[in-house]
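# Here's a sequence, model it:
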Amino acid sequence: METIKLYDSELRLMEIIWTLEDDKTAKHISLLAADAFGWNKNTTYTVLKKLVAKGAIERVEPQFQCMSKITREQVQLQETRLLIDKLYNGSLKAFFTSFIKKENLTDEEMDELKKIIDDELE
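Predicted coordinates for the structure are as follows:
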């Protein structure tokens, strides 16, 4: 899948879109964005148009329905990879080592991480 770089405002709006099950109209999304972020309608529509242009959402008529073309998990994976590439020269090992050493993980959390790794190796 092609990487789609989302800026903070776009990601905030995607979070709203991902949570919606029924009414995915731009009008409804703009009302939710007004409540959540204090955005006006024009701001929301501008960000929605940018998301359409980037291929993150598809505009479906009638009523400018906003259908997500990417999942939250895809974005999380892409953003994590970009972070690792940028800050750790692409080294997952360096990222993981830094994370483990800097976070005060409980024994339970460490056991969970070990289990995840063990499960992936099987």
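# hey, which helix is longest across the chain?
Longest helix of the chain, by residue count under DSSP state H: helix 72-88.
# The very next helix or strand once past that one packs against which elements?
As assigned by DSSP states H and E, the chain's next helix or strand after helix 72-88 is helix 92-102. Counting contacts by 3 or more Cβ pairs under 8 Å, 6 or more residues apart in numbering; DSSP states H and E, helix 92-102 packs against helix 72-88. C-beta here means a position set from N, CA and C on the backbone, and glycine is covered the same way.
# Other residues contacting the helix it packs on?
Defining contact as Cβ atoms under 8 Å, 6 or more residues apart in numbering, one finds that helix 72-88 is touched by 1, 3-6, 11, 14-15, 18, 90-92, 94-95, 98.
# and of those, the nearest to L31?
When those are compared for distance to L31 (Cβ to Cβ), E15 comes out closest, at 15.2 Å.
# burial measure for the closest one, as a count.
By other Cβ atoms under 10 Å, the residues close to E15 number 12.
# so is it in a helix, a strand, or just coil?
Judged by DSSP: H, G, I helix; E, B strand; the rest coil, the three-state class of E15 is helix.
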